[in-house]
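[1] Give me the fold of what follows.
(chains A and B)
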Amino acid sequence: DAGVIQSPRHEVTEMGQEVTLRCKPISGHDYLFWYRQTMMRGLELLIYFNNNVPIDDSGMPEDRFSAKMPNASFSTLKIQPSEPRDSAVYFCASTRTMGTEAFFGQGTRLTVV
Amino acid sequence: QKEVEQNSGPLSVPEGAIASLNCTYSDRGSQSFFWYRQYSGKSPELIMFIYSNGDKEDGRFTAQLNKASQYVSLLIRDSQPSDSATYLCAVNFEAAGNKLTFGGGTRVLVKP
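    All right, here's what the predicted structure looks like:
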């Protein structure tokens, strides 16, 4: 298995533009997590899904953020409109079942100028 | 109060010594506990997991869990320069729907 795959690896965009981050979890994993990592706030859980259903989105900072998981092999995190304070590394992770190891993607480094 | 707390460090350790890292968590029902290592510019990778009270050893790493006191620790024996990284404590709050929450991480520097 190729592991969790995220795209793009790097994204530079102008303030106000829409940004879409993509994630392909490991096949057979039931849980998918989206995290944001910054120096100031560490690794923050934004939202997670179980069997494609969003379970907890309390970490999503604002209505500008939205996430979807249309099927078991694909998820997106969208920011519209983007702001400079959204600049961070966004990680996607998946786990087979509850309480098991989370495998992380390589992350997307987002820079909003 | 944060759900999972760690001292940010840096924790400076001479090569060959023991590095001791601590993590405390809020009580949210039954939990699973994980230690991840993250090198600069890389994604987190699992070092150890522990589910039951007591110690669990894996090579140079030992995880210790005390649910009554709500803390989990990681010991790194015979520290090597390659152990220099940020160590993240993660707790799976199963009573909250399997919410996997990370602490802020402890940066460890092993000096030759």
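
[2] Give me the sheet partners of the strand or helix carrying B:Tyr87 and which way each runs.
    Taking DSSP states H and E as the definition, B:Tyr87 sits inside strand B:85-93. Paired strands of strand B:85-93, with direction, are strand B:31-38 (antiparallel), strand B:99-102 (antiparallel), strand B:106-111 (antiparallel) (DSSP bridges).

[3] got the buried residues for that strand?
    B:Ala85, B:Thr86, B:Tyr87, B:Leu88, B:Cys89, B:Ala90, B:Val91, B:Asn92, B:Phe93 (16 or more other Cβ atoms under 10 Å in any protein chain shown). All C-beta spots, glycine's among them, are computed from the backbone N, C-alpha and C.

[4] and for the least confident helix or strand in chain B by mean pLDDT, what are the contacting residues?
    The helix or strand of chain B with the poorest confidence is strand B:99-102; it has a mean of 86 (mean pLDDT, DSSP states H and E). Outside strand B:99-102, the residues that touch it by Cβ atoms under 8 Å, 6 or more residues apart in numbering or on different chains are A:31, A:33, A:35, A:42-43, A:45, A:48, A:55-56, A:93, A:95, A:102, B:3-4, B:36, B:44, B:88-93.

[5] Quick check: which ranges of the chain have low pLDDT?
    Using chain A. A:1 (pLDDT under 70).

[6] Sorry, I should have been clearer: chain B.
    Ranges of chain B meeting pLDDT under 70: B:1-2, B:28-30.

[7] Straight-line length of stretch A:21-33, end to end?
    13 Å (Cα to Cα, to the nearest Å).

[8] Chain A contacts on chain B?
    B:32, B:34, B:43-46, B:49, B:51, B:88, B:90, B:92, B:94, B:96-105 (Cβ under 8 Å from any Cβ of the partner chain).

[9] Just the buried subset of these, please.
    Burial by neighbour count, 16+ other Cβ under 10 Å: within the residues of chain B next to chain A this picks out B:32, B:34, B:43-44, B:46, B:49, B:88, B:90, B:92, B:94, B:96, B:98-105.
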